[in-house]
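**Q** Generate coordinates for the sequence data below:
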Amino acid sequence: MTQHVRQDPVKTTNVLGLRVAALTRTGVVSRILGDVRDGRRGYVCVSGAHSVIECRADPDLARIHNQATLTVPDGMPLVWALHGDGHGWAERIYGPDLMLSVIDASQDSGIGHFLYGTTPQVLDQLERNLLRRFPGARIVGSYAPPFRPLTPEEEDRIARLIDDSGAGIVWVGIGCPKQERWMAHMRDKLRAPMLIGVGAAFDFHARGKLQAPAILQRHGLEWLFRLVTEPRRLWRRYTRVVPAYLVLRGMQRTGLRRFPVTSQDPDPMPHRIQS
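**A** Here you go, the predicted model:
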């Protein structure tokens, strides 16, 4: 009989209504693998300022984040918010690095990893790159969903595919907010203990997509690097997200506005998602 070990509660802070976890990357990896070994089912949201602002516009998305096993800070503005609220040990949990750390720590453990997202070509290259780097890892399957809403029949077929693979962790790389909606919607359909949304990590690790230099990441300027490298795709996002986050967080810190954390879902129907 498997002995389930209860993990200590995670300290969090309220960032514009999202409950963000104060942990180190080592601590996040330990908790994820502990939940997988003990069969505790959940999902992890790896979120930055963009996610926070999306949640301000969509209360259902905010509830999805607050119902997660962990919502961790993938961005220095959220790390600074944690530090400012007294959690000085908290680290940035960068999605691509978290993926590598978890897969590395799970080598030779028997834990299987399933890759969900992007295209068949990217998935093939991603699997090859991961196994070359972590030969003791188990990649037990992958699936590239269509770029449209899934039908109920497709959802059931995908759930059977993932369940039949025996995966312990499902990595979801379809971008925010689609991946968070997918995890919340599919959570009860899947036996895999842990679902983790890591956004562009698939492209970074498969195709060597250019990442911001570490010094820019440390100073919270990754958004500027991405804007310069992908201006046509990202300029609308960042001209909206950056000012909105700074203004709203300033109002929260000075007490001019309250942002209550909402985790109860008033709608008993499953979250509908697009792939």
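**Q** What is the least confident helix or strand in this protein?
**A** When the helices and strands of the chain are scored by mean pLDDT, DSSP states H and E, helix 222-229 comes last with a mean of 62.
**Q** any idea how far L161 is from V140?
**A** 10 Å (CB to CB, to the nearest Å). Just so you know, the C-beta spots here come from the backbone N, C-alpha and C atoms, and that holds for glycine as well.
**Q** and what of W171?
**A** 11 Å.
**Q** Name the residue in these two with the higher neighbour count.
**A** W171 (27 against 18; other CB atoms under 10 Å).
**Q** which stretches of the chain form helices?
**A** Counting by DSSP state H, one finds helices in the chain at the ranges 25-38, 49-57, 59-66, 76-84, 95-105, 120-133, 152-165, 178-186, 201-207, 214-218, 222-229, 231-254.
**Q** what pLDDT, on average, does the shortest one get?
**A** What that stands for is helix 214-218. Averaging pLDDT along helix 214-218 gives 70.
**Q** picking that back up, anything in contact with each of W171 and V140?
**A** H113, F114 (CB atoms under 8 Å, 6 or more residues apart in numbering).
**Q** Out of the helices of the chain, the one nearest K11 is which?
**A** helix 76-84 (8.9 Å; CB to CB).
**Q** tally of neighbours for the residue lying closest to S263 once chain neighbours are set aside?
**A** Sequence neighbours aside, N66 is the residue nearest to S263 in space, at 3.9 Å (criterion: CB to CB, 6 or more residues apart in numbering). The tally of other residues near N66 (other CB under 10 Å) stands at 21.
**Q** Got the confidence number for N66?
**A** Reading off the model, N66 has pLDDT 97.
**Q** That one is in contact with A184, isn't it?
**A** No: in this structure, N66 is not within contact of A184 by CB atoms under 8 Å, at 10.8 Å.
**Q** Name all residues that make contact with L195.
**A** G42, Y43, V44, I169, V170, V172, M183, M186, R187.
**Q** quick one: it and E155, what's the gap?
**A** In terms of CB to CB, L195 sits 14 Å off from E155.
**Q** V242 now?
**A** In terms of CB to CB, V242 sits 35 Å off from E155.
**Q** and if you look at T13?
**A** For T13, the distance to E155 - CB to CB - is 35 Å.
**Q** pLDDT below threshold where in the stretch 151-275 of the chain?
**A** The stretch 151-275 of the chain contains residues with pLDDT under 70 at 208-212, 216-217, 219-238, 264-275.
**Q** how about 80 then?
**A** Low-confidence segments of the stretch 151-275 of the chain (pLDDT under 80): 207-239, 263-275.
**Q** what's the answer for the stretch 1-150 of the chain, then?
**A** Looking at the stretch 1-150 of the chain by pLDDT under 80, you get 1-8.
**Q** Report how many residues lie close to S263.
**A** 12.
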